[in-house]
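Participant: Following is a predicted model, sequence given first.
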Amino acid sequence: MSLISRLSQWLPFGHVPEMDANTVFQHLENNNIQIVDVRTTLEWGKSHIKGAINLPITHFSADSVKQLQLNTDQKVIVICLSAHRSIPAVRKLKQFGFNDVYQLKGGMLSWWKAKLPTLSTQD
């Protein structure tokens, strides 16, 4: 794989499968998704979706994902603030063998706009 190909995997643009906030919430209510939030630990601590696992994109690797012990056959939703950092994370999860991976369309900004519930570790 060329250097350009390796670097382009990390670029925060391009098309990846997406799921809107209300659909993600419905899946969450049915307990049939895994959520990986790739924002910084500080961002995650201020407001995150219940059940989300925080793995900042700056720490994203095959080893760090393996430590999360996610099910490669279960739906995974990747979340960031505005749906830019999640794009390379979706690409990488597919490379790591995950079969059903989406980003939250519009990121946490769309979740907040829909007034869906969040948690904070700073309360």
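Facilitator: Structure received.
Participant: Tell me the helix or strand right after the lowest-mean-pLDDT helix or strand in the chain.
Facilitator: Every helix and strand in the chain was compared by mean pLDDT, DSSP states H and E; the lowest is helix 3-8, with a mean of 48. As assigned by DSSP states H and E, the chain's next helix or strand after helix 3-8 is strand 18-19.
Participant: from the middle of its chain, how far away would that next one be?
Facilitator: Distance of strand 18-19 from the chain centroid (Cα atoms, centre = their mean, to the nearest Å) equals 11 Å.
Participant: Stretch 41-57 now?
Facilitator: Using Cα atoms, centre = their mean, the offset of stretch 41-57 from its chain centre is 10 Å.
Participant: And that stretch, end to end?
Facilitator: End-to-end span of stretch 41-57 (Cα to Cα, to the nearest Å): 10 Å.
Participant: what about the chain, any weak spots by pLDDT?
Facilitator: 1-14, 122-123 (pLDDT under 70).
Participant: Tell me which stretches of it form strands.
Facilitator: 18-19, 34-37, 53-54, 76-79, 101-104 (DSSP state E).
Participant: How about residue 16: what's its closest non-neighbour residue?
Facilitator: Leaving aside its sequence neighbours, residue 16 sits nearest to residue 90 (Cβ to Cβ, 6 or more residues apart in numbering; 4.2 Å). For glycine as for every other residue, the C-beta is placed from the backbone atoms N, C-alpha and C.
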